[in-house]
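In: Provided below for reference: sequence and predicted model.
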Amino acid sequence: MTEGPLADPIAEAERVAAAAKAAGVSLRLLGGAGIHLHSPSAQKPPLKRKYGDLDYAIAKRDRQGVLKLFPALGYEANERFNLMQGDRRLYFFDNEHNRQVDIFIDWFKMSHVIDLRDRLDCEGPCASPSDLLLSKLQIYEVNRKDLVDLTALLLDHPVAENDDDAIDPQYLARIAADDWGMYRTLEVNIGKLRETLDELEVDRDLVRSRLDEMWAAIEARPKPLKWKLRARVGDRMAWYELPEEVRSPYQTD
């Protein structure tokens with residue numbers, strides 16, 4: 001009989017990663033747990049924290065494999081959601097530990113939409129540092145936990161092109177130039193991150209210098225006409241979405 005989900009979310013993420021690899025399913029961990037596995041600074045004070053739900057991204061070709069994998073690992077599928085939304089997103093639930101697993105297919109859609117179709121062939125169990133960064137920076141209602149995770153990621157990964165273990169400034173610049181709304185959210189959240197740094201006992205100068213490198217690349221990238229037209233409207237029109245929380249049918253208040 002297969003062992004059920006583990007209480008510790010990081011240990012569980014590692015169990016899922018091993019099972020996915022054995023099953024030939026390419027599953028990329030996002031969010032705080034992904035940053036924890038990718039960044040040593042997230043594994044120790046002052047940036048170590050507790051994690052809850054697990055978020056993943058997969059290519060559409062791995063959808064059927066995922067639908068088999070998680071029930072085999074002891075998860076309940078949210079059948080109604082998966083039937084209605086399963087071409088772009090899947091949900092599973094760990095009843096014992098009240099933990100949700102959210103799986104994005106090809107596209108990551110929260111406050112903004114990120115095309116991951118050509119981004120999921122990286123090595124290891126996690127998304128690339130650039131996509132881990134974007135998965136947090138794109139959150140309009142970013143919170144302190146998100147900002148702590150981003151600090152760890154920036155401490156441990158340089159800003160550089162053509163390096164799988166670095167944050168690619170041209171990738172970020174391309175996404176920001178394609179969507180003024182994304183640009184604006186990145187601008188707001190990088191400002192919040194700079195403020196939060198003052199409260200953290202870390203190498204602030206290193207993080208700030210990497211933020212400067214990222215933002216210089218974003219600003220330098222030429223912007224198309226549609227971007228400039230939207231920029232004229234500015235904050236007078238909402239530029240983000242507030243994603244609805246999906247509850248498991250097994251959850252209780």
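Out: Alright, I've got the coordinates. In this text, all values refer to a predicted model and were calculated from it rather than measured experimentally.

In: any low-confidence regions in the chain?
Out: Scanning the chain with the threshold set as pLDDT under 70 gives 1-2, 245-253.

In: give the contact list for the most centrally placed residue in it.
Out: Centroid-nearest residue in the chain: residue 135, 3.0 Å away (criterion: C-alpha atoms, centre = their mean). When contacts are counted by C-beta atoms under 8 Å, 6 or more residues apart in numbering, residue 135 touches 30, 31, 34, 55, 108, 110, 114, 127. C-beta: built from backbone N, CA, C; applies to glycine.

In: Let's see that with 6 Å instead.
Out: The contact partners of residue 135, taken as C-beta atoms under 6 Å, 6 or more residues apart in numbering, are residue 30.

In: Ramachandran angles for it?
Out: Main-chain dihedrals, residue 135, degrees, to the nearest 10: phi -60, psi -20.

In: how close does it get to residue 44?
Out: From residue 135 over to residue 44 the distance is 22 Å, taken as C-beta to C-beta, to the nearest Å.

In: again, but for residue 96
Out: Taking C-beta to C-beta, one finds residue 96 at 28 Å from residue 44.

In: Just confirm residue 235 is within a helix.
Out: Yes - applying DSSP: H, G, I helix; E, B strand; the rest coil, one finds residue 235 inside a helix.

In: For burial, what's the neighbour tally of the nearest residue to it once chain neighbours are set aside?
Out: Nearest non-adjacent residue to residue 235, counting by C-beta to C-beta, 6 or more residues apart in numbering: residue 184, 7.4 Å away. Neighbour count of residue 184, defined by other C-beta atoms under 10 Å: 19.

In: Residue 184 falls within a helix, correct?
Out: Yes - assessed by three-state DSSP, residue 184 belongs to a helix.

In: Centre of the chain to the helix or strand containing residue 172, how far?
Out: Element membership for residue 172 (DSSP states H and E) is helix 169-178. Put simply, helix 169-178 sits 16 Å off its chain's centre (C-alpha atoms, centre = their mean, to the nearest Å).

In: for stretch 100-111, which positions count as buried?
Out: 100, 101, 102, 103, 104, 105, 106, 108, 110, 111 (16 or more other C-beta atoms under 10 Å).
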